[in-house]
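Colleague: A predicted structure for the sequence below; I have some questions about it.
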Amino acid sequence: MRTHVDTSMRATLTNTATQARVWIALTRDVSPSITQCELVHRERVPIDVRKAREQHSRYEEALAAAGCLIRRLSPLPDSPDAVFVEDTAVVLDELAIMARPGATSRRLETSVVANALEAYRPLAFIDPPGTLDGGDILRVGRTLFAGLSSRTNADGVAALIRIVAPFGYKVRTLLITKCLHLKSAASALDDRTLLVDPDLVEPGAFDGFDVIEIDPSEGGAANVVALAETVLIDARFPRTAALLVDRGYRVSAIDMSELAKAEGAMSCCSLIVDAGS
């Protein structure tokens, strides 16, 4: 049986009179078991669950200020990585693709998310033997960059290509070995522009698009959430934030340092659904 979205979840929308577009942001609270999270590229260090929850709350507030309606999913206290909802699906204009996470411990997370997303989009699914994490799929306009990583395999990318082909998306595959997900190395700022960490992925892989490289002293700064003119960035990366301000973006800085200990980042903690204007 599919579980349902928590009907008591907080829904906050600010500046409705001035926002040109509205997004639904699906989020989930930090699990008390996050200290047992999956790790690949980071050493395990103590995580302050209370502080992580405070940071996550500030993150939700920043999303709401940027124009998102926050919808909290039912908690999964026994799933350490459940706060990182981005990995459970890929949301496009035409449909939502339910992922099959590469970490087997995370596959129970998808049913709650599917139940929530079916209110907004038709659903498609990645089937075995494919594995695919949403954090490995970067949409830039009508192009989907797909990272082949420790979590997303060739069968998963092949399934993605079959699903999106009728809708006219082009899929470009990249090999990701220096970080957990493609979105750890690159984020879309708009339909033509990417923020890229050249130490994690070759900027030439994004040929045909405009690339802004992060400040070289701020590894990890490439993962952001862009909503119209507003870019949410980790407060630990002020130099990269300044680069974006110089390019004309409005920047909202949020401390995500505690969640970063769980190999999480800015985009990991939400699934954004474009609800139109």
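Modeller: Cool, the structure landed.

Colleague: can you give me the helices in this protein?
Modeller: Along the chain, the stretches classed as helices by DSSP state H are 49-65, 110-117, 154-164, 238-246, 257-260.

Colleague: name the residues that touch stretch 149-159?
Modeller: The contact list for stretch 149-159 (C-beta atoms under 8 Å, 6 or more residues apart in numbering) reads 40, 87, 100-103, 126-127, 129-133, 135-137, 146, 148, 171, 173, 176-177, 180-182. Placement of C-beta: from N, CA and C, glycine included.

Colleague: roughly how far out does stretch 45-61 sit from the chain middle?
Modeller: Chain-centre distance of stretch 45-61: 17 Å, with C-alpha atoms, centre = their mean, to the nearest Å.

Colleague: low-confidence stretches in the stretch 151-277 of the chain?
Modeller: When residues are selected by pLDDT under 70, those of the stretch 151-277 of the chain lie in 277.

Colleague: and the stretch 1-150 of the chain, by the same measure?
Modeller: For the stretch 1-150 of the chain (pLDDT under 70), the answer is 1-20.

Colleague: which residue ranges of it form strands?
Modeller: Taking DSSP state E, counting those that start in this stretch to define them, one finds strands in the stretch 1-150 of the chain at 23-27, 68-72, 89-91, 96-98, 123-125, 137-140, 143-148.

Colleague: show me what the fifth one is packed up against.
Modeller: Secondary-structure packing of strand 123-125 (3 or more C-beta pairs under 8 Å, 6 or more residues apart in numbering; DSSP states H and E): strand 96-98.

Colleague: tell me the strands beside the strand it packs on, with direction?
Modeller: Using DSSP bridges, the strands paired with strand 96-98 are strand 89-91 (antiparallel), strand 123-125 (parallel).

Colleague: out of those strands, deepest packed?
Modeller: Most buried of those, by mean neighbour count (mean count of other C-beta atoms under 10 Å): strand 89-91, with a mean of 26.

Colleague: contacts only, for the closest residue to Ile34 other than its chain neighbours.
Modeller: Nearest residue to Ile34, sequence neighbours excluded (C-beta to C-beta, 6 or more residues apart in numbering): Pro80, at 5.2 Å. Applying C-beta under 8 Å, 6+ apart, we find Pro80 in contact with 31, 33-38, 105, 262.
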